[in-house]
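Colleague: Coordinates for the following, if possible.
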Amino acid sequence: MSSRRWVLPALLATAIAASLAPHAAAHDNDRGHGHGHAKTRTVGYYTQWSGYDRNFLVKNLVTNGTAPRLTHLNYAFGFLDESGKCVSSDPWADYQRPFSAEQSVNGKADVEGQPLSGNLNQLKQLKAKYPELRVNISLGGWTGSKYFSNAALTPQSRAAHVASCLDMWLKGNLPGLAPGAAAGIFDGIDLDWEWPSSEAAPGNVVRPEDKQNFTALLVEYRKQLGRLTWRTREAYDLTAFLPADPRQIDRGFEVARVFGLLTFGTVQGYDFHGSWDPQTNQQSSLRTPAGDPAPLPFSSQVTVDHYLKNGAPKHKVVLGVPFYSRGWTGVTNANNGLFQDATGPAPATYEAGYEDYRVLKAQLGNFTVHRDPKAGHAWLFDGTTFWTWDDPTEMKRKGRYVAERRLGGAMIWSLDGDTADGELIKALTSGLS
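Modeller: Numbers count the residues shown, from 1 in each chain. Presented below is the predicted three-dimensional model:
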């Protein structure tokens with residue numbers, strides 16, 4: 001922090017110190033390969049909608065062996081209203097849905113009138129089973145970032161936003177429930193503002209001053225988290241999901257200051273290309289492949305190097321990896337389908353051009369697997385349809401890349417894409433160790 005060119009008021013500096021200090025002890029217990037400053041983190045996103053069409057419940061994190069391999073679980077997503085205050089985007093999934101004994105982590109059925117139900121109660125049970133696991137609430141996402149700019153706009157809006165989010169998610173004061181019904185479930189806040197000063201989903205509020213306001217928002221979070229730490233004696237994480245595109249990084253983030261305020265930052269290591277592009281390409285390559293026709297090179301290394309060059313410390317950079325594939329169809333049958341023209345997104349189960357790993361694995365007999373070990377990516381092709389392919393071989397490769405570069409860990413989007421026996425999480429963590 002001493003390298004910053006700005007001076008914090010004494011109260012704020014003390015609050016930040018109080019909030020940051022406990023993390024050193026907390027992270028000493030992170031499982032994985034040691035890096036000196038901190039242990040390698042394994043961060044996974046569990047989405048509130050996983051329990052619908054996919055029928056992937058919090059309990060499945062136990063049955064497929066994921067939970068004991070995670071250091072952090074991010075529950076996605078909480079939203080913001082137009083004023084910038086925190087709201088639940090799906091109260092039924094979050095805290096109302098009852099689960100049967102067969103569906104519950106602890107094997108007991110929810111009963112009418114209990115203080116808390118839904119995914120949050122299941123996360124509470126998961127934490128009871130795995131007390132070292134840290135669970136954070138993730139705010140925003142692609143469809144939930146519309147009003148982040150409003151929240152960050154002024155000192156007053158920032159203070160109101162943070163106070164509302166801490167009250168709802170950390171203090172556990174949820175609408176319609178007894179005060180504190182969900183207290184103690186979340187260990188921190190993960191900010192998924194996509195993106196400051198760059199529009200992502202159509203209609204998002206975007207302002208040029210978002211870049212400086214994002215930093216100011218983090219300062220406000222540290223201030224209020226520090227005060228909460230004084231009262232509870234608990235350590236709280238403050239993390240953020242950050243973009244892959246160097247142009248969005250430069251436009252929206254004061255990188256060194258941001259990482260100085262975060263416990264760690266997860267950087268986008270996927271969606272480099274997808275069916276929005278007219279040609280097939282990799283979505284999560286470690287290095288830019290030879291012959292890539294894209295106008296700008298995208299790869300994990302391009303992204304990581306850009307953050308490091310701009311002042312992010314290695315031990316706080318957590319690289320994102322995908323448990324899903326991006327696909328095209330109507331692909332020209334040449335070069336094994338790579339870098340070829342396509343007619344559109346490949347048909348898929350939940351979203352055209354996007355398919356969970358476990359679903360594609362069941363169709364593997366219809367495809368040939370191709371790999372580029374030098375660039376660090378793989379793909380499937382059947383002569384017409386092309387899918388990016390992050391299987392256990394590529395996951396282990398990504399884990400080794402994180403370990404060899406002494407980065408802060410790996411982040412998974414999203415946990416519901418894995419198989420019933422946890423093929424991908426096992427391969428990733430074997431590479432990290």
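Colleague: shouldn't D382 be in contact with V369?
Modeller: No - in this structure D382 lies outside contact range of V369 using CB atoms under 8 Å: 10.9 Å. Bear in mind the C-beta positions are built from the backbone N, C-alpha and C, glycine included.
Colleague: Report the secondary structure state of L73.
Modeller: strand (DSSP: H, G, I helix; E, B strand; the rest coil).
Colleague: What number of residues are in the vicinity of it?
Modeller: By the other CB atoms under 10 Å criterion, the neighbourhood of L73 contains 28 residues.
Colleague: Identify the bridge partners of it.
Modeller: The residues listed as beta-bridge partners of L73 by DSSP bridges are G44, V135.
Colleague: pLDDT value on it, please?
Modeller: Per-residue confidence for L73 comes out at a pLDDT of 98.
Colleague: For it, which residues are in contact?
Modeller: By CB atoms under 8 Å, 6 or more residues apart in numbering, the contact list for L73 reads 43-46, 61, 67, 123, 126, 133-136, 415.
Colleague: so who does D391 touch?
Modeller: Y357, K361, V369, A378, E423, L424, A427.
Colleague: go with 7 Å
Modeller: By CB atoms under 7 Å, 6 or more residues apart in numbering, the residues touching D391 are A378.
Colleague: hey, where'd the helices end up in the stretch 1-150 of the chain?
Modeller: When assigned using DSSP state H, counting those that start in this stretch, the helices of the stretch 1-150 of the chain occupy the ranges 10-27, 60-63, 91, 118-129, 148-151.
Colleague: Quickly, which of those bottoms out on average pLDDT?
Modeller: Among the helices of the stretch 1-150 of the chain, helix 10-27 scores lowest, with a mean of 38.
Colleague: Neighbours of the closest residue to F272 other than its chain neighbours, how many?
Modeller: Leaving out its chain neighbours, the residue that sits closest to F272 by CB to CB, 6 or more residues apart in numbering is F298, at 3.7 Å. Other residues within reach of F298 by the criterion other CB under 10 Å amount to 22.
Colleague: Equivalent analysis for G327, please.
Modeller: Residue crowding around G327 was assessed by other CB under 10 Å; the count is 27.
Colleague: Can you name the next helix or strand after the host helix or strand of it?
Modeller: When secondary structure is defined by DSSP states H and E, G327 falls within strand 324-329. Following the chain from strand 324-329 toward its C-terminal end, the next helix or strand by DSSP H and E is strand 344-345.
Colleague: so what strands line up beside that next one?
Modeller: Partner strands for strand 344-345, per DSSP bridges, with pairing direction: strand 324-329 (antiparallel).
Colleague: that older thread, for the contacts of L73, pick the one with the most neighbours.
Modeller: For these, counting by other CB under 10 Å, the largest number of neighbours falls to L61: 30 neighbours.
Colleague: which residues of the stretch 101-250 of the chain fall in strands?
Modeller: Secondary structure of the stretch 101-250 of the chain by DSSP state E, counting those that start in this stretch: the strands cover 134-140, 188-192, 237-242.
Colleague: now the second one against strand 134-140, angle please.
Modeller: Right, the one you point to is strand 188-192. On the basis of axes from the mean of the first three to the mean of the last three CA atoms, to 10 degrees, strand 188-192 is oriented at 30 degrees to strand 134-140.
Colleague: Does anything pack onto strand 188-192? Which helices or strands?
Modeller: With contacts defined as 3 or more CB pairs under 7 Å, 6 or more residues apart in numbering; DSSP states H and E, strand 188-192 has these neighbours: strand 134-140, strand 237-242.
Colleague: Dump the ones you listed into JSON lines; add mean pLDDT and distance to A290 as well.
Modeller: Converted to JSON lines, those look like this (pLDDT from 0 to 100; distance: least, CB to CB, whole Å):
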{"stretch": "strand 134-140", "mean pLDDT": "98", "distance to A290": "36"}
{"stretch": "strand 237-242", "mean pLDDT": "98", "distance to A290": "27"}
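Colleague: possible to save those as JSON lines with distance to D167?
Modeller: Converted to JSON lines, the helices and strands packed on strand 188-192 look like this (distance: least, CB to CB, whole Å):
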{"stretch": "strand 134-140", "distance to D167": "12"}
{"stretch": "strand 237-242", "distance to D167": "16"}
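Colleague: Of all those, which one is nearest D305?
Modeller: Set against D305 and scored by CB to CB, those come closest in strand 237-242, at 13.9 Å.
Colleague: Distance from the chain centre to that closest one, please.
Modeller: Put simply, strand 237-242 sits 8 Å off its chain's centre (CA atoms, centre = their mean, to the nearest Å).
Colleague: which residues touch that strand?
Modeller: The set of residues external to strand 237-242 that reach it, using CB under 7 Å, 6+ apart, is 134, 136, 187-192, 218, 221-222, 225, 253, 261-268.
Colleague: go on, stretch 213-228?
Modeller: Outside stretch 213-228, the residues within contact range by CB under 7 Å, 6+ apart are 12, 15-16, 18-19, 151-153, 158-159, 162-163, 166, 170, 189, 193, 196, 236, 238, 252-254, 257-258, 261-262.
Colleague: Just the buried subset of those, please.
Modeller: By neighbour count, with 16 or more other CB atoms under 10 Å, those hold 15-16, 18-19, 151-153, 158, 162, 166, 170, 189, 193, 196, 236, 238, 252-254, 257-258, 261-262 as buried.
Colleague: Okay, now the unreliable bits of the protein?
Modeller: By pLDDT under 70, the low-scoring segments of the chain are 1-38.
Colleague: how near is A290 to A375?
Modeller: With the distance defined as CB to CB, to the nearest Å, A290 ends up 7 Å from A375.
Colleague: Need the strands of the stretch 101-250 of the chain in JSON lines (columns: distance to N333).
Modeller: Written out in JSON lines, the entries for the strands of the stretch 101-250 of the chain read as follows (distance: least, CB to CB, whole Å):
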{"stretch": "strand 134-140", "distance to N333": "41"}
{"stretch": "strand 188-192", "distance to N333": "39"}
{"stretch": "strand 237-242", "distance to N333": "37"}
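Colleague: Please name whichever of those strands is nearest to P175.
Modeller: Closest approach to P175 among these (CB to CB): strand 134-140, 15.2 Å.
Colleague: how near is V206 to V219?
Modeller: As judged by CB to CB, V206 and V219 stand 21 Å apart.
Colleague: got it, and L120?
Modeller: Relative to V219, and taking CB to CB, L120 is found at 28 Å.
Colleague: Who has more neighbours out of those two?
Modeller: Neighbours were counted for L120 and for V219 using other CB under 10 Å; L120 has more, 28 against 20.
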